[in-house]
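**Student:** Turn this into a structure:
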Amino acid sequence: MTSFPAKSAPDANAEETAVIPLGTLNKRIQDEMVALVMLAAEVQIALGPTLAEAKALSPAVQRSLQAIDRLHQTLDDLQRVMGHLSTQTEQDAVAIDPLSEVIRLRHLAHKLFDNIDAPFALSEDDSGEIAWF
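**Tutor:** Here you go, the predicted model:
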């Protein structure tokens, strides 16, 4: 018979693992995806006048434009899936720390786990110049 080491009693001073309800996280991800869908649509709208002036587009450019459209449609579908999941899994929770470590965009982690309601938007400084990241 194999024996396993006894589990020690929980330390009263140990920090409790931070968790977030899975439904809440899904809803917040859905909100971010809606913002990305809108950004992808804005890119398509911004490219419209430029493309109308172009006499010919290379096959590579055409594939890139199709990829933007596919990105837009995929994000739209995924945000609807996340919306559906947010209503299905309210009782489950996810540990925040491991999930936060895999997210590269710190503002996104902050918004998902710290209950920030404002959607992310690219900003421009007062001079009207685009603020590149």
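**Student:** And the strands in the protein?
**Tutor:** With DSSP state E as the criterion, the chain has strands at 19-21, 93-95.
**Student:** Adding distance to Ala41, write those out as CSV.
**Tutor:** Where C-beta positions appear, they are placed from N, C-alpha and C, glycine not excepted. As requested, those are exported to CSV (distance: least, Cβ to Cβ, whole Å):
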stretch, distance to Ala41
strand 19-21, 29
strand 93-95, 30
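**Student:** Quick check, pLDDT for the nearest residue to Leu108 once chain neighbours are set aside.
**Tutor:** Setting aside the residues directly before and after it, Leu108 is nearest to Glu32 in space (Cβ to Cβ, 6 or more residues apart in numbering), at 6.6 Å. According to the prediction, Glu32 has pLDDT 88.
**Student:** wait, isn't Glu32 in contact with His107?
**Tutor:** No. The pair Glu32 / His107 is not scored as a contact, 10.1 Å apart, by Cβ atoms under 8 Å.
**Student:** Tell me which of these two has more neighbours.
**Tutor:** Higher neighbour count among Glu32 and His107: Glu32, with 18 against 11, using other Cβ atoms under 10 Å.
**Student:** Distance-wise, check that one relative to Glu53.
**Tutor:** Glu32 sits at a distance of 33 Å from Glu53 (criterion: Cβ to Cβ, to the nearest Å).
**Student:** that older thread, dump the strands of the chain to JSON lines, plus mean pLDDT and mean neighbour count.
**Tutor:** Output for the strands of the chain, formatted as JSON lines (pLDDT from 0 to 100; neighbours: other Cβ atoms under 10 Å):
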{"stretch": "strand 19-21", "mean pLDDT": "88", "mean neighbour count": "16"}
{"stretch": "strand 93-95", "mean pLDDT": "82", "mean neighbour count": "14"}
